[in-house]
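K.L.:
Sharing a model that was predicted from the sequence below.
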Amino acid sequence: MQTLTRIFRAVRKPAALALALIMPWAAAPASASDGDYPSRPIRFVVPFPPGSGTDSTARIFAKKITDLTGQGVVVENKPGGNGFIGVQTVLGAPADGYTVFVGSNSTLSTNAAAFRKLPYDPIEDFAPVSLLTRGPCLVLVPQNSRYTTLKALIDAAHEKPGALNYGSGSVSYTLYSEWLNELANMKTTNVPYKGAGDAINAVVAGNVDFAVVDASGAIELAKAGKARALAYTAPRRTPLLPDVPTSAEAGVPDFQCFNWVAAALPVKTPPAVVQRVIALFAKAGAAPEVQDYYRQQSNQLILSTPAELRRYQTEEIARWKRLIQVTKLELQ
C-alpha cells in the first residue's frame, strides 16, 4: 500500500515527476552511439490486438513522443500466446532503446504467478520505465439478474457454494474473481472465455452469473442498461457511473483490483538510453492534451518512477502467487 500511495502522489504532480525523471537523464553519461537518441523511428510492441486498453495507451504515448522528438513511433501489435509473442519480439530485438515493450499486468505480473514454466522473467529480463496507467474493474451482472447489490450476490453464493458461476477472459480476470471469492468467503465456478470482450458479452447475454471486467470496456454497457454494475473496484466512485458503489461501499473494502499498463525495455539496454526513454515518457505524460484525455476516462494516468514500477510488479506477483496457493488454482 505504501508503494501505491507514492504512485498516487505522483499522479497529482506530473510536471514535478517529469522534471525528476529528466534530471537523471541530464546526469547520466552518454556514449557517442547513444548521445543523439532517438535518431531514427522507435517501435512500441504491444502484446495484444488493436483496440485493447494497452494498445490505446501505447498509441497515445506514441503520438506525443513523435511530436516531442520528430521521430516516428510505430505501434506494432503482436497478440497471441498469452502475451509471449510480444515479449519475445522485444527481448529478441537489439537492446538499443528503439524497441519498447508496452505491456500490461498480465504480461508483467500475473503470468509470473500463473504459469508453471514462463519463457521469460518479467523482473529480470526488463528494465522498468514507468507504470503509465491503471484502470479499475466492475463487478458486472446481467441486466435482468436478481442480484441488485454485491451483498445479494455474495449471500446467494454463501447459500449454494459453487452454484454461481463467473466469466473470465484471461488469467488476470480469473485471479481477480478468485480474489473476490476469497475476500467474500464464497465459492463460485469459473467459466473461461478467449478474451475479456467475450466474457463481457457472456454477462450481457445472461450466460454467466457475474464477471469481474475492465471498467473501460463495460461502462458504456452499464450506462446503456445492457448490464448492471454492482461495484467499482477503486477507492472512489467514478463520475462516469456515479450511482455504482465502490467495493468498500458494497461491503468488500479490500477488493481493489486494477488493470494496468507499463513501459519497459530489455534489461541490457544501455543505462543512458534507458534514462532518455524514461524522460520521453515523463514529458509525454505531462503534456496537457494527454492529461486532459485521461481526466475523461475511467483509466487513471499514473506516470510512476522506474523504482515504483518495479516495487509494484514485485508486490503484484507475490499477491497472485499467494492467491494461487490458497485457492489451489491449477498452473498453466
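P.N.:
Arrived safely.

K.L.:
where do the helices sit along the stretch 101-250 of the chain?
P.N.:
105, 111-114, 150-159, 171-184, 196-205, 219-223 (DSSP state H, counting those that start in this stretch).

K.L.:
Give me the buried positions along the fourth one.
P.N.:
To tie it back to what came earlier, the one meant is helix 171-184. Buried residues in helix 171-184, defined by neighbour count with 16 or more other CB atoms under 10 Å: 171-182, 184. (Each C-beta comes from the backbone N, C-alpha and C, glycine too.)

K.L.:
circling back to that earlier point, okay if I get the helices of the stretch 101-250 of the chain as JSON lines plus distance to residue 281?
P.N.:
Formatted as JSON lines, the helices of the stretch 101-250 of the chain follow (distance: least, CB to CB, whole Å):
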{"stretch": "helix 105", "distance to residue 281": "18"}
{"stretch": "helix 111-114", "distance to residue 281": "23"}
{"stretch": "helix 150-159", "distance to residue 281": "36"}
{"stretch": "helix 171-184", "distance to residue 281": "23"}
{"stretch": "helix 196-205", "distance to residue 281": "25"}
{"stretch": "helix 219-223", "distance to residue 281": "26"}
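
K.L.:
among the ones you listed, which is nearest residue 264?
P.N.:
Smallest distance to residue 264 across the helices of the stretch 101-250 of the chain (CB to CB): 12.6 Å, for helix 105.

K.L.:
From the contact counts, what lies against the closest one?
P.N.:
Helices and strands touching helix 105, by 3 or more CB pairs under 8 Å, 6 or more residues apart in numbering; DSSP states H and E, are strand 258-266.

K.L.:
ok, back up a step: kindly state which of the helices of the stretch 101-250 of the chain is positioned closest to residue 42.
P.N.:
Across the helices of the stretch 101-250 of the chain, closest to residue 42 is helix 105 (CB to CB), at 23.4 Å.

K.L.:
Would you reformat the helices of the stretch 101-250 of the chain as CSV and include mean pLDDT?
P.N.:
Listed next are those as CSV, based on pLDDT from 0 to 100:
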stretch, mean pLDDT
helix 105, 94
helix 111-114, 92
helix 150-159, 98
helix 171-184, 94
helix 196-205, 92
helix 219-223, 94
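
K.L.:
Ok, which of these comes nearest residue 41?
P.N.:
Minimum separation from residue 41 across the helices of the stretch 101-250 of the chain (CB to CB) falls at helix 105, 27.9 Å.

K.L.:
buried stuff in stretch 207-223?
P.N.:
Residues 207-219, 221-222 are the ones in stretch 207-223 that count as buried (16+ other CB under 10 Å).

K.L.:
one step back: so which of the helices of the stretch 101-250 of the chain is nearest residue 309?
P.N.:
helix 105 (11.5 Å).

K.L.:
any idea which of the buried residues of stretch 207-223 is closest to residue 318?
P.N.:
For the buried residues of stretch 207-223, the nearest to residue 318 is residue 212 (20.2 Å; CB to CB).
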